[in-house]
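> got a structure for you, letters missing:
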């Protein structure tokens, strides 16, 4: 029996921005289906840059595969449904007049029939507890509500992988706790870029530390969290 393809397989990935800044240096990473992995490290470590390679928003030197598909044309349309990328600022993701329209955008882009789009929108909003907000303008919502709608926009595309960039950034304690409870219910493979090490302790059994574009540690969260010297050396503080 053939082994199942990993959810994510990154091989020798490097990336340099047009201004010459090298953001990733020979990064290799493998994530199994169903795993929950946190990317942590100081600002500028390359965490967000790495996330943006998962559905082809950025393309570096090296190979990125999601569920066995290489992240390049002609696979990008399919991959952008498989990878549910939730940006740090939900205002970058919500741009339609109503919540309903924002959540419908992805399924419409996929070319699904109208009845299936309606069903996916209803299911995604119910999943994040926002069914009563379908007709509301997205820009009138609180930060926590916007974050949940942003997650609904990717859930409506039935992703295999949830990629979350700083999911708790800007949330008050109540909204943060609601988001954690929501993420705990998600069955998808999950990768998150975050500075919130308490979130990592609660949700992500595996932790990958990046610094200056390189992976400097990769292992069980519980073990890495006990190494205060390692954490401090890479701009992190034990919670």
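Yes, it's here. Everything quoted here is computed from the prediction, not taken from an experiment. Numbering: from 1, shown residues only.
> point to the residue nearest the middle of the protein.
The centre of the chain sits closest to residue 163, judged by Cα atoms, centre = their mean, with a distance of 1.5 Å.
> helix, strand or coil for that one?
strand (DSSP: H, G, I helix; E, B strand; the rest coil).
> tell me the contacts of the closest residue to it other than its chain neighbours?
Distances taken as Cβ to Cβ, 6 or more residues apart in numbering place residue 85 nearest to residue 163, at 4.7 Å, with adjacent residues excluded. To be clear about C-beta, it is placed using only N, CA and C from the backbone, and glycine gets the same treatment. Counting by Cβ atoms under 8 Å, 6 or more residues apart in numbering, residue 85 touches 51, 52, 54, 55, 57, 154, 163, 165.
> circling back to that earlier point, tell me the bridge partners for the residue nearest to the centre of the chain.
Residue 163 has these beta-bridge partners by DSSP bridges: residue 85, residue 191.
> any idea how far it lies from residue 64?
Remark: distance between residue 163 and residue 64 (Cβ to Cβ, to the nearest Å) = 12 Å.
> who touches both of these two?
residue 54.
> tell me which residues are up against the helix or strand of the chain with the lowest mean pLDDT.
Least confident helix or strand of the chain, by mean pLDDT, DSSP states H and E, is helix 76-82 with a mean of 89. In this structure, residues lying in contact with helix 76-82 by Cβ under 8 Å, 6+ apart are 54-56, 66-67, 69, 71, 106, 110, 157-161.
> which of the residues you listed are buried?
54-56, 66-67, 71, 106, 110, 157-161 (16 or more other Cβ atoms under 10 Å).
> helices of the chain, start to end?
Assigned by DSSP state H, the helices in the chain fall at 47-52, 76-82, 99-109, 114-127, 143-155, 173-184, 197-203, 221-224, 228-233.
> what is the mean pLDDT for the third one?
Confidence over helix 99-109 (mean pLDDT, whole number) is 94.
> identify each buried residue in that helix, please.
Here helix 99-109 shows 99, 100, 101, 102, 103, 104, 105, 106, 107 as buried, counting by 16+ other Cβ under 10 Å.
> same thing with the longest one?
Residues 117, 120, 121, 124, 125, 127 are the ones in helix 114-127 that count as buried (16+ other Cβ under 10 Å).
> so what pLDDT did the closest residue to the fifth one other than its chain neighbours get?
Residue nearest to residue 125 in three dimensions, not counting chain neighbours: residue 131, with 4.8 Å by Cβ to Cβ, 6+ apart. In the prediction, the pLDDT value recorded for residue 131 is 95.
> try the one 3 residues further on
Listed pLDDT for residue 134 reads 96.
> ok, now residue 94?
pLDDT, residue 94: 93.
> for the closest residue to it other than its chain neighbours, what are its contacts?
Using Cβ to Cβ, 6+ apart and skipping residues adjacent in sequence, the residue nearest residue 94 is residue 138, 4.0 Å away. Residues in contact with residue 138 (Cβ under 8 Å, 6+ apart) are 94, 95, 96, 98, 99, 102, 146, 149.
> pretty sure residue 183 sits against residue 203.
Yes: using Cβ atoms under 8 Å, residue 183 is in contact with residue 203, at 5.9 Å.
> where does pLDDT dip in this protein?
Within the chain, the segments meeting pLDDT under 70 span 1-3.
> number of residues surrounding residue 20?
Using other Cβ atoms under 10 Å, residue 20 is surrounded by 6 other residues.
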